[in-house]
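Participant: no letters, just coordinates:
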């Protein structure tokens, strides 16, 4: 009976003391004398790279009751063991709280599952214990205000975790593997994403794990002046071409901000929304149209052939040698992608013959390659049977975007019909475009040499040549009125219409070459006299008038004393203009006075007329 009372007394004593004892510390201390009341593990990634873990930092609160040296090791999620440091316990810190910290530079994108302190194993994380979020793929590095931030990952909504975006506060993921939510507020610039997970390790102490993705994405402002209403867009013309070729970006309902010929924009060609802005994918901006609706650019040299690119118009990068990506804070996407054709695969202008001519107009030949071929158009399959069968001359109103583009080259745009070469093609039965059966292909080619031209004809048939090595189109340059020699651009517009089961697709290519120009020479230039030798001549009276006493040589110096030959477009005949020099002539009547005239009938003989 006495033994029973003693047992009951001991049970009562234990039940009173038990709530007063810190159980966690008892458990952590039980085998090795190591107590870990709190631990923080920080995973820090490299900037704008969710796949490259830069470092793992450990901050430990511990108490160890036995003196000695304790190796600190960790085991990662791949099963690899790493030694991260050592703790030395002596008379100064034995059985006292200490705060050691360590750092690991991992080679892989890992998580820490266990930590070893003096041989004691403490479980930190795992599938069921404090699972740690991880972003595996950012799907949008640049996010416009109002658009969705998107990324893929693991354990994104893990129990006990919170997700915070710099400057935007806490956001709750709805899925463990995907995140997609709109960003409605915030200032443009880089944003850091952080996950915090709070829980307990296997010995009962607190574990805080932070996963930080510095500058994970960039919040971008919008270029409202280029159109901010539904239906407003930017488009690039043509939609395909070689590197370093010329293209045009057109705002359908907006205008580029341009001051003194300099615009407030840059243009980049990106493989997708995760691509970085760099000098390699930045286009050269050549000029803007007078109405500020069109930007003329040169395709970047640093991008790859046979790939499609998303085109982004951004705020102007003022320091191309600096951090370009950091300078881009606003953008507007071009609605259509640009496909880079391999070298020598797209249409090109190589010559104009002759390279100069009078302003009365003449026939010229535009030389080049690929004027008639369709194999450079992305989306065609089985085009080996496609051959042109007929070339006609027609009146054609080209696509309505042409007006703005031609206007950017200083050519008058009045939206009237062009006189064009019309190429008709035979189409094979297996030819498809974007996986849709092709029923017909028609191509319309218009040539501009400073202005609209008309196809040259012989016996009412267009003059042209298409072969594998060299193509040519003969056109008549329109007459103009210039007072001095003027260089003008040579432009070939190729509009291809492809009829398929899905409807008709129109593709526009605008072919230019900054090295190919045509020079218009004035056919009527007013001469000017700078010097006459002698300045005085002696005359004698002859009846009611006066004449020269004797034959003499008069030297007249000046400019534009030209004999010009041209063709009259109305009659088709050659016209020769000779200079006439009058001495004391009546300005109203060049035949009144002493006149030196170059005779048309007698070549270079001179007549002195009264």
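Facilitator: Right, received. Where do you want to start? Owing to the predicted nature of the structure, the values given are computational and were not obtained by experimental measurement. Numbering: from 1, shown residues only.

Participant: mind listing the helices for the stretch 401-550 of the chain?
Facilitator: With DSSP state H, counting those that start in this stretch as the definition, the stretch 401-550 of the chain shows helices at residue ranges 402-407.

Participant: can you pull out the strands in it?
Facilitator: Listed from the start of the chain, the stretch 401-550 of the chain has strands (DSSP state E, counting those that start in this stretch) covering 418-426, 432-433, 436-449, 454-455, 457-458, 461-462, 464-466, 471-476, 486-500, 503-521, 528-533, 539-542, 545-548.

Participant: packing partners of the third one?
Facilitator: The reference is to strand 436-449. Here strand 436-449 touches strand 387-396, strand 418-426, strand 471-476, strand 486-500, going by 3 or more Cβ pairs under 8 Å, 6 or more residues apart in numbering; DSSP states H and E. C-betas here are computed from N, CA, C, even on glycine.

Participant: list the buried residues in it.
Facilitator: 438, 441-449 (16 or more other Cβ atoms under 10 Å).

Participant: in a markdown table, list those residues along with distance to residue 464.
Facilitator: Formatted as a markdown table, the buried residues of strand 436-449 follow (distance: Cβ to Cβ, whole Å):
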| residue | distance to residue 464 |
| --- | --- |
| 438 | 24 |
| 441 | 17 |
| 442 | 16 |
| 443 | 12 |
| 444 | 13 |
| 445 | 9 |
| 446 | 13 |
| 447 | 11 |
| 448 | 17 |
| 449 | 16 |
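
Participant: got those residues as JSON lines, with pLDDT and distance to residue 246 columns?
Facilitator: Compiled in JSON lines, these are given as follows (pLDDT from 0 to 100; distance: Cβ to Cβ, whole Å):
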{"residue": "438", "pLDDT": "95", "distance to residue 246": "28"}
{"residue": "441", "pLDDT": "96", "distance to residue 246": "25"}
{"residue": "442", "pLDDT": "96", "distance to residue 246": "25"}
{"residue": "443", "pLDDT": "96", "distance to residue 246": "20"}
{"residue": "444", "pLDDT": "96", "distance to residue 246": "20"}
{"residue": "445", "pLDDT": "95", "distance to residue 246": "17"}
{"residue": "446", "pLDDT": "93", "distance to residue 246": "17"}
{"residue": "447", "pLDDT": "94", "distance to residue 246": "16"}
{"residue": "448", "pLDDT": "91", "distance to residue 246": "14"}
{"residue": "449", "pLDDT": "93", "distance to residue 246": "17"}
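
Participant: out of these, who's nearest residue 293?
Facilitator: residue 448 (18.4 Å; Cβ to Cβ).

Participant: what does the pLDDT read for the closest residue to that closest one other than its chain neighbours?
Facilitator: Take residue 448 and drop its neighbours on the chain: the residue closest to it by Cβ to Cβ, 6 or more residues apart in numbering is residue 491, 4.3 Å away. Listed pLDDT for residue 491 reads 91.

Participant: likewise residue 15?
Facilitator: In this model, residue 15 carries a pLDDT of 55.

Participant: go on, residue 429?
Facilitator: In this model, residue 429 carries a pLDDT of 85.

Participant: low-confidence ranges, the chain, go.
Facilitator: Per-residue confidence for the chain (pLDDT under 70) gives these ranges: 1-32, 400-401, 403-404, 406-415, 524-526, 545-546, 562-570, 572, 576-610.

Participant: so what are the domain limits for it?
Facilitator: 224-340, 348-521, 528-609 (automatic domain parsing).

Participant: generate a markdown table for those, with distance to residue 179 as supplementary columns.
Facilitator: Listed next are these as a markdown table, based on distance: least, Cβ to Cβ, whole Å:
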| stretch | distance to residue 179 |
| --- | --- |
| domain 224-340 | 15 |
| domain 348-521 | 32 |
| domain 528-609 | 69 |
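
Participant: closest to residue 335 out of the helices and strands packed on strand 436-449?
Facilitator: Closest among the helices and strands packed on strand 436-449, using Cβ to Cβ: strand 486-500, at 19.0 Å.

Participant: out of the strands of the stretch 401-550 of the chain, flag the one nearest residue 397.
Facilitator: strand 418-426 (7.4 Å).

Participant: just the helices in the stretch 1-150 of the chain please.
Facilitator: 2-17, 23-29.

Participant: a markdown table for the strands of the stretch 401-550 of the chain, including distance to residue 291?
Facilitator: Output for the strands of the stretch 401-550 of the chain, formatted as a markdown table (distance: least, Cβ to Cβ, whole Å):
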| stretch | distance to residue 291 |
| --- | --- |
| strand 418-426 | 20 |
| strand 432-433 | 33 |
| strand 436-449 | 18 |
| strand 454-455 | 26 |
| strand 457-458 | 35 |
| strand 461-462 | 33 |
| strand 464-466 | 34 |
| strand 471-476 | 27 |
| strand 486-500 | 18 |
| strand 503-521 | 17 |
| strand 528-533 | 38 |
| strand 539-542 | 62 |
| strand 545-548 | 61 |
